[in-house]
Structures are given as C-alpha cells and as structure tokens.
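Participant: For reference, the sequence and a predicted model appear below.
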Amino acid sequence: MCDPLSLVLGGLSAAASLASNSVQANAVKKQENLNNQWMMMQERERRAEAARQEQMRQQAESARAATVQDMSPENQGTAQQAEAERLEEKLGGNEPAADPNAAVAAQTEGNAALLEGKAMGGQEFNADMGSRISKATADARARIRALATAQSFGGTSGGLQTRNALELNEGEQGINLANNMRQGSLSAFQSVQNIEPVKLNPVSNPWGGIASALGGMVGKFGKA
C-alpha cells in the first residue's frame, strides 16, 4: 500500500507544480503584452513622424515655390513698372503740363517794355515761344521717366535690387526654418526609437520552490 502521507505530499507537489507553471505562463503573457504595446507605440510614433516630416517638407517647398514665383519675369516686370511709376510721380513727372500759351502770356507781360509798340512778328513770337516751352517740358518729363526707370532697378525702397534681396532672404528663412524643424523632430523621434520595451523584473516563484521541496519529500518517504 502506498503511504497516505506520500499520497498527500504527491498531490501537494503536483498542485504546486501546476501553480508554478501558471505563474510562469502568466508572467510570459504579461511580458508579451508589454512587448506588443511597445511595438504599437513605436509604429504609432513612426507614422506620426512621417506625417510631421512630410508637412515640414511641404512648408519648405512652399517657401521655395513662393520665392521662385516672386522672382519670375512677370512679377519682376510688374514690380519694376510700379516702382518706376511711383518714382516718376514723386519726382513730379506726372504733374499736369504747363499751358504754353499761359507761359507765353507771362513771358510777354514780363517783357512788356521790350515788346511794347513792336509787333515782333506777334503770332510768330508766341508760336515759337510756346513750341520751346512744350519741348522743354517734354524733355524734362523724358529725363524724369528715364531717371525713374533706372532707379526702379536699383536700391530704392521698391526697387528690384531691394525687393529681390528681401524676397530671397524671406524665402531662405522659410526654407531654413522648415529644415531646422525637420531636424529637431527627427532627433526627438530617434530618441523615442532608443526606448526599450518594459521588462518585468525576475522574481522568485514560491510555487516552484514548494513543488521542488514537496517532490523531494515524496521521494524521501517513498524510499523509507
């Protein structure tokens, strides 16, 4: 007959073994869950970083495209023409032309003593004087337009030299800002990638020790 104590100890040893296996299986399952959560977090961060990188890449591309558009021949011509008109107005090139007849009348009145009693050709004098005044006015306006056109390409407040420098600087700043943001975001993402999954601390399994002890006791009593 089997020793009743051996039967009891054997049953307890078997139960302890089952409990030990259950604890180990539970620990393995928890570790798997932690690993799965870590992988899901990494995948989520990869997708988010890819979206951020694409958004900032588009910002840099938008800044580049805007600069190219601003520097296009069409926009250059429009800006230059607008500045030339502004300068021409500022220099007085758009002021109404003086009435040659009024100028002649003023000159005639001023020289009344010279003209008094003398026909001096009358109409011929007035026509000649008016023609000279008109030509002088046209020449002055032509010089003003030429000066305004030349200045519109230079360093005036709206000149192409000033405008282009500002446009290029603005575009460069926009591109650099987006690239710097991309580098910073990528650096932060790489730090996230270096994070390791949570690992459960190894702990002693009391059921495993009990099972071993009971097993030894069963063997001892069995030999007795």
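Facilitator: Nice, thanks for sending it over.

Participant: low-scoring stretches of the chain, by residue?
Facilitator: For the chain, residues meeting the criterion pLDDT under 70 lie at 1-23, 93-127, 201-224.

Participant: Next, Gly155: secondary structure please.
Facilitator: Assigned by DSSP: H, G, I helix; E, B strand; the rest coil, the conformation of Gly155 is coil.

Participant: Isn't it up against Leu166?
Facilitator: No. Look at Gly155 against Leu166 with C-beta atoms under 8 Å: they stay out of range, at 11.3 Å. For every residue, glycine as well, the C-beta is placed using N, CA and C.

Participant: Show me what whichever strand or helix holds Asn35 is packed against.
Facilitator: Assigned by DSSP states H and E, Asn35 belongs to helix 4-70. Using 3 or more C-beta pairs under 8 Å, 6 or more residues apart in numbering; DSSP states H and E, the elements in contact with helix 4-70 are helix 160-193, helix 206-223.

Participant: and the angle for the next helix or strand after it with helix 4-70?
Facilitator: Next in sequence after helix 4-70, counting helices and strands by DSSP H and E, comes helix 73-90. The directions of helix 73-90 and helix 4-70 differ by 50 degrees, with axes from the mean of the first three to the mean of the last three C-alpha atoms, to 10 degrees as the criterion.

Participant: tilt between helix 73-90 and helix 160-193?
Facilitator: 130 degrees.

Participant: so who does the nearest residue to Phe153 once chain neighbours are set aside touch?
Facilitator: Once flanking residues are discounted, Phe153 sits nearest to Leu160: 5.1 Å by C-beta to C-beta, 6 or more residues apart in numbering. By C-beta atoms under 8 Å, 6 or more residues apart in numbering, the contact list for Leu160 reads 76, 79-80, 83, 152-154.

Participant: Tell me which two in those residues are the farthest apart.
Facilitator: Checked with C-beta to C-beta, the contacts of Leu160 reach their widest spread between Gln76 and Gly154, with 13.7 Å between them.

Participant: neighbour count winner among those two?
Facilitator: Gln76 (16 against 12; other C-beta atoms under 10 Å).

Participant: residues in contact with that one?
Facilitator: Applying C-beta under 8 Å, 6+ apart to Gln76 gives the contacts 160, 164.

Participant: ok, now how distant is it from Asn180?
Facilitator: Using C-beta to C-beta, to the nearest Å, we find Gln76 at a distance of 29 Å from Asn180.

Participant: Likewise for Leu200?
Facilitator: 41 Å.

Participant: Kindly provide the distance from the residue nearest to Phe153 to Arg143.
Facilitator: Distance of Leu160 to Arg143, computed by C-beta to C-beta: 21 Å.

Participant: ok, now Glu45?
Facilitator: 68 Å.

Participant: try Leu166
Facilitator: For Leu166, the distance to Arg143 - C-beta to C-beta - is 29 Å.

Participant: More neighbours: which of Glu45 and Arg143?
Facilitator: Ranked by neighbour count (other C-beta under 10 Å), Glu45 and Arg143 place Glu45 first, with 15 against 12.
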